[in-house]
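Undergrad: structure for this input, please:
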Amino acid sequence: MGRLIRGVSKNARFFVADTTDIVQEALDIHKYDEYSMKTFGKFCTLAALMGATLKGEDKLTIRTDTDGYIKNIVVNSDANGNVKGYLVNTTDENFESLGKGTMRIIKDMGLKEPYIGITNVDYSSLADDISAYFYNSEQIPTIISLACEATNDGRILCAGAFMVQLLPGADEDFITKLERKAEAIRPMNELMKGGMSLEQIINLLYDDMDTADDSLVEEYEILEEKEIKYSCDCNSERFQRGIMTLGKEELKHIFEEEKEIEAECQFCGKKYKFTENNFEDILKK
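TA: Coordinates of the predicted model:
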């Protein structure tokens, strides 16, 4: 289980998360190489943070399309702290050439059409890409630091993030101090490796560097603390409905050559097997 804290102050809202266990579970499922896992881990963490901005049964999808070693990443999250995802690599193992492309943020909020925001992505500076997305698509100035580090034996050492977003009408003095803090504070991976708890990181974000004591720039309130987890909601019925869209003739052709159809979930690796008996109704029509 991971852990996420959401809170607010007069001029900003903040999200801080430890996703080490989530990314480790994703690695155990997908067996990605070290570089892919670090990148994928940051996207899982980002999805968890953005999922915390949702309400009710809202869902979020982050999808990238790029021209380098990592071709596509798909990560889903929801307001309940569930995260899942996968990525697609090329056969080119040139880790120094990851390419550029686009990132889509898709929010399904129960309306007729989902909200879709699009921004450019360059894996050399994912935090900058996310900040640009929030500023250009949602008009929210954002500071974010994403972390994902592995040990020499491939285990996840730490993964997490902090994100601070200005509220409408934020005071100029607060903005100035936040900008200075963003330049001075260490990255999230260093904070986590240094043993800082999420609560300590929040306090550090609001620490007033202009005072000699432990004064805060402004008081803040923690609104929510919750567990977050890697969780896939796939099931046999969903895959069966998808296979039925192939149509009667195509299904007949498949079963003439194969005894069964096997489908594998891209998110969790679970496999489902189907025989002609599963499609009796459509095959008899």
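
Undergrad: separation between Lys112 and Lys71?
TA: Taken as CB to CB, to the nearest Å, the spacing of Lys112 relative to Lys71 amounts to 31 Å. Quick note: C-beta positions are derived from backbone N, CA and C, even for glycine.

Undergrad: more neighbours: which of these two?
TA: Between Lys112 and Lys71, counted using other CB atoms under 10 Å, the more crowded position is Lys71 (16 against 4).

Undergrad: so who does that one touch?
TA: For Lys71, the contact set (CB atoms under 8 Å, 6 or more residues apart in numbering) comprises Asp65, Leu87, Val88, Asn89, Thr90.

Undergrad: A strand includes it, no?
TA: Yes: for Lys71, which was evaluated using DSSP: H, G, I helix; E, B strand; the rest coil, the result is membership in a strand.

Undergrad: let me know the pLDDT of it.
TA: Model confidence at Lys71, given as pLDDT, is 87.

Undergrad: likewise Asn203?
TA: Model confidence at Asn203, given as pLDDT, is 95.

Undergrad: for Lys248, give its distance to Asn203.
TA: Using CB to CB, one obtains 63 Å as the distance from Lys248 to Asn203.

Undergrad: and for Ile222, the neighbour number?
TA: As a burial measure, Ile222 scores 14 neighbours (other CB under 10 Å).

Undergrad: report the secondary structure state of it.
TA: At Ile222 the chain is in strand, as set by three-state DSSP.

Undergrad: quick check: closest non-adjacent residue to it.
TA: Leaving aside its sequence neighbours, Ile222 sits nearest to Gly7 (CB to CB, 6 or more residues apart in numbering; 4.3 Å).

Undergrad: would you agree that neighbour is in contact with Glu221?
TA: Yes: contact criterion CB atoms under 8 Å: Gly7 and Glu221 qualify, at 5.7 Å.

Undergrad: the two: which is more packed in?
TA: Gly7 (18 against 8).

Undergrad: helix, strand, or coil at the more buried one?
TA: Following three-state DSSP, the label given to Gly7 is strand.

Undergrad: just give the closest residue to Met192, not the sequence neighbours.
TA: Nearest residue to Met192, sequence neighbours excluded (CB to CB, 6+ apart): Cys158, at 4.1 Å.

Undergrad: how many neighbours does that neighbour have?
TA: Burial of Cys158, expressed as a neighbour count using other CB under 10 Å, amounts to 20.

Undergrad: in its sheet, what does the one helix or strand it maps to sit against?
TA: Remark: Cys158 resides in strand 156-166, with elements defined by DSSP states H and E. Paired strands of strand 156-166, with direction, are strand 12-18 (antiparallel), strand 142-150 (antiparallel) (DSSP bridges).

Undergrad: nearest to Asn120, of those strands?
TA: Closest to Asn120 of these, according to CB to CB: strand 142-150, at 15.9 Å.

Undergrad: show me the shaky parts of the stretch 1-150 of the chain.
TA: Low-confidence segments of the stretch 1-150 of the chain, defined by pLDDT under 70: 90-98, 123-124.
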